[in-house]
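*Asks:* Below are the sequence and a predicted model for it; my questions follow.
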Amino acid sequence: MIESPPPRPSASLWSSLSLLRFVLAAIVAAAHVKAFYGGTLAALDPVKILASFNGHAAVVGFLLVSGFSIAHSLLAEGKGYVWRRFVRIYPLYLPAVLFSAWVGGYVVPGSAAGEPITYAAPGLFETLGNLLMLQCVLVPPMSNNGPLWTLSLEWWCYMAAPLLAMLSRRRLLLVLVLMTAAHLSWMVLGARFGFYARCPFGLHIVFLGVFWLAGFWYYQVRAAPWAAWSFIGLVWLLTGLNRDNLAGNYQPTLAVSCLMLIAGGLIAWPAWSGGLLKLLGNASYSLYLLHKPFYHLAHENLGLRQGWQIFSLTVAVAILAHWLVELPLRKALQKLWNHLQGSRSPAT
């Protein structure tokens, strides 16, 4: 039986997902602000409210959206897939890793327990390992930019995607079932690692990759009448049984992530909002990569002492990094690639 291709998502869905990605990145960034104030932001600081929606739940939402988006990218146009992923990820990822290495080690004055946190300067081997997406595989994530641990998870899921796309939907479901069991095994094995970022040998992919795969699977089956409820049920099963690192208002974060993937295409965005939402979606990547090392500079070198000040400045820097660093590098890489492809074409 030949399986029908999944329907193409609407433009409004991508606009919805762009906004979602920015909000998820903002939740992660807000959660990390608290460390600079001993976990005790002012009661009315809006960053405190944003952080309450749980950074780990935001990472889960990121993985759901990433799997969904990669399924679309690969199934819509398989040719040049790996290069497109490279051009999307590395033009900013490389400067972010080097920026983190340059910032070096530092001491955050407070923590949730009231004791200072020391972030060691990354060594050469650690920096090279992170550049090659080997964090949590052969090297630890950079101490002063811990969120990079999720980038290797996504990267290796990207590399597995062409193989997953070759599977029938029945076999893909079987892989999803196996990954579900692997995720739930964290409840037995998790105490040995403490947190997913501390897993060696790529085990963070085993324990959390199911959320990326769920998004990938949902993209292919979403036209079925049972797909939406099955997708929501799977996410709630996984996060309900394994609530490690899920606290506060994590359920709204998960709910909005699922609902945006399911019904984001029904939102009638005004015509003027398209460019803004696309900008926010793109800036979510730079915000995620740069917020942790930039917080140090803002706190120690600029003397900012309120959470909303550091957070707002970091968002502005993330947008500038997208405009002034990421976009020019992406265009330069694409131009070089087109030139090389043209030089290999046979003369006519």
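*Replies:* Nice, thanks for sending it over. Nothing here was measured: the structure is a model prediction, and the numbers come from that model. Numbers count the residues shown, from 1 in each chain.

*Asks:* from here on, contacts and neighbour counts on C-alpha atoms
*Replies:* Fine.

*Asks:* number of nearby residues for residue 151?
*Replies:* Residue 151 is flanked by 18 other residues according to other CA atoms under 10 Å.

*Asks:* in the stretch 201-348 of the chain, which spans are strands?
*Replies:* In the stretch 201-348 of the chain, no strands are defined using DSSP state E, counting those that start in this stretch.

*Asks:* Okay, now the unreliable bits of it?
*Replies:* 343-348 (pLDDT under 70).

*Asks:* And the stretch 51-200 of the chain, by the same measure?
*Replies:* For the stretch 51-200 of the chain, the ranges with pLDDT under 70 are 109-115.

*Asks:* And the helices in it, which stretches?
*Replies:* Along the stretch 51-200 of the chain, the segments classed as helices by DSSP state H, counting those that start in this stretch run 55-76, 81-103, 124-131, 149-165, 169-184, 186-189.

*Asks:* tell me the most buried of the ones you listed?
*Replies:* helix 55-76 (a mean of 22; mean count of other CA atoms under 10 Å).

*Asks:* Give me the angle between that one and helix 81-103.
*Replies:* 150 degrees (axes from the mean of the first three to the mean of the last three CA atoms, to 10 degrees).

*Asks:* Distance from helix 55-76 to the middle of the chain?
*Replies:* 8 Å (CA atoms, centre = their mean, to the nearest Å).

*Asks:* could you give the angle of it to helix 149-165?
*Replies:* 30 degrees.

*Asks:* what packs against helix 55-76?
*Replies:* helix 11-33, helix 149-165, helix 203-221, helix 250-263 (3 or more CA pairs under 8 Å, 6 or more residues apart in numbering; DSSP states H and E).

*Asks:* Which residues belonging to the first one are considered buried?
*Replies:* So the one you mean is helix 11-33. For helix 11-33, burial by neighbour count (16 or more other CA atoms under 10 Å) applies to 12-33.

*Asks:* Export the helices of the stretch 51-200 of the chain to TSV and append columns for distance to residue 301.
*Replies:* Shown next, in TSV, are those (distance: least, CA to CA, whole Å):
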stretch	distance to residue 301
helix 55-76	26
helix 81-103	11
helix 124-131	24
helix 149-165	26
helix 169-184	41
helix 186-189	40
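
*Asks:* Among these, single out whichever gets nearest to residue 116.
*Replies:* For residue 116, the closest of the helices of the stretch 51-200 of the chain is helix 81-103, at 17.9 Å, according to CA to CA.

*Asks:* Quick check: which of the helices and strands packed on helix 55-76 is nearest to residue 176?
*Replies:* helix 203-221 (6.6 Å).

*Asks:* got the CA positions of the closest one in PDB?
*Replies:* Coordinates of the C-alpha atoms in helix 203-221 are reproduced here as PDB (Å, rounded to 0.1, in the frame of the first residue of the first chain):
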ATOM      1  CA  LEU A 203      22.200   8.900  26.200                       C
ATOM      2  CA  HIS A 204      20.500  12.300  26.300                       C
ATOM      3  CA  ILE A 205      19.200  11.400  22.800                       C
ATOM      4  CA  VAL A 206      17.900   8.100  24.100                       C
ATOM      5  CA  PHE A 207      16.200   9.700  27.000                       C
ATOM      6  CA  LEU A 208      14.700  12.800  25.400                       C
ATOM      7  CA  GLY A 209      14.700  12.000  21.600                       C
ATOM      8  CA  VAL A 210      11.200  10.700  21.800                       C
ATOM      9  CA  PHE A 211       9.800  14.300  21.900                       C
ATOM     10  CA  TRP A 212      11.600  15.100  18.700                       C
ATOM     11  CA  LEU A 213      10.400  11.900  17.100                       C
ATOM     12  CA  ALA A 214       6.800  12.600  18.300                       C
ATOM     13  CA  GLY A 215       6.800  15.900  16.300                       C
ATOM     14  CA  PHE A 216       8.300  14.100  13.300                       C
ATOM     15  CA  TRP A 217       5.700  11.400  13.500                       C
ATOM     16  CA  TYR A 218       2.800  13.800  14.000                       C
ATOM     17  CA  TYR A 219       3.700  15.700  10.900                       C
ATOM     18  CA  GLN A 220       3.200  12.600   8.800                       C
ATOM     19  CA  VAL A 221      -0.100  11.400  10.400                       C
END
